[in-house]
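Asker: sequence first, predicted coordinates after that:
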Amino acid sequence: MNVKDSNGNALNNGDSVQVIKDLKVKGTSATLKRGTVIKNIRLVEDNEEVIEGNADKVKGLVLKTCFLKKV
């Protein structure tokens, strides 16, 4: 599987990524602010543009890689 972040860097299971813009989280009143670090990501098998991870405020996030950069 070849998954890349917004800058073109390859992502692997267990990497840490950073959010590059403020994102509203569906189903909650929380907003992921720019610069939020998401540690220990998991790549989704079905789609090359999506990862799963946990932030401090929200657990079980599914995010598109176009909003992330590798830390």
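Answerer: It's in.
Asker: name the nearest residue to Ser48, sequence neighbours excluded.
Answerer: Let me fix one detail, which is that residue 48 is Glu and not Ser. Of all residues not flanking Glu48 in the chain, Val3 sits nearest, at 5.4 Å (CB to CB, 6 or more residues apart in numbering). C-beta here means a position set from N, CA and C on the backbone, and glycine is covered the same way.
Asker: what's the average pLDDT for the top strand by length along the chain?
Answerer: Identified as the longest strand of the chain according to DSSP state E is strand 37-43. Summarised as a single mean, pLDDT over strand 37-43 is 95.
Asker: any chance you could give me it in CSV, C-alpha atoms only?
Answerer: In CSV, the C-alpha atoms belonging to strand 37-43 read as follows (Å, rounded to 0.1, in the frame of the first residue of the first chain):
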residue,chain,number,x,y,z
VAL,A,37,-0.6,15.8,16.5
ILE,A,38,-2.2,12.3,15.9
LYS,A,39,0.1,9.5,17.1
ASN,A,40,0.2,5.9,16.1
ILE,A,41,-1.9,6.0,12.9
ARG,A,42,-3.4,3.0,11.2
LEU,A,43,-3.7,2.8,7.4
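Asker: tell me the strands beside it, with direction?
Answerer: Sheet pairing of strand 37-43 (DSSP bridges) gives strand 17-19 (antiparallel), strand 50-54 (antiparallel).
Asker: now this protein, which segments are flagged as low pLDDT?
Answerer: In the prediction, the chain carries no residues with pLDDT under 70.
Asker: quick one, strands of it?
Answerer: Under DSSP E, the chain gives strands at 3-4, 10-11, 17-19, 23-24, 31-32, 37-43, 50-54, 61-64, 68-70.
Asker: show me what the fourth one is packed up against.
Answerer: Counting contacts by 3 or more CB pairs under 8 Å, 6 or more residues apart in numbering; DSSP states H and E, the secondary-structure elements packed against strand 23-24 are strand 31-32.
Asker: which strands and helices lie in contact with the strand it packs on?
Answerer: Helices and strands touching strand 31-32, by 3+ CB pairs under 8 Å, 6+ apart, are strand 23-24.
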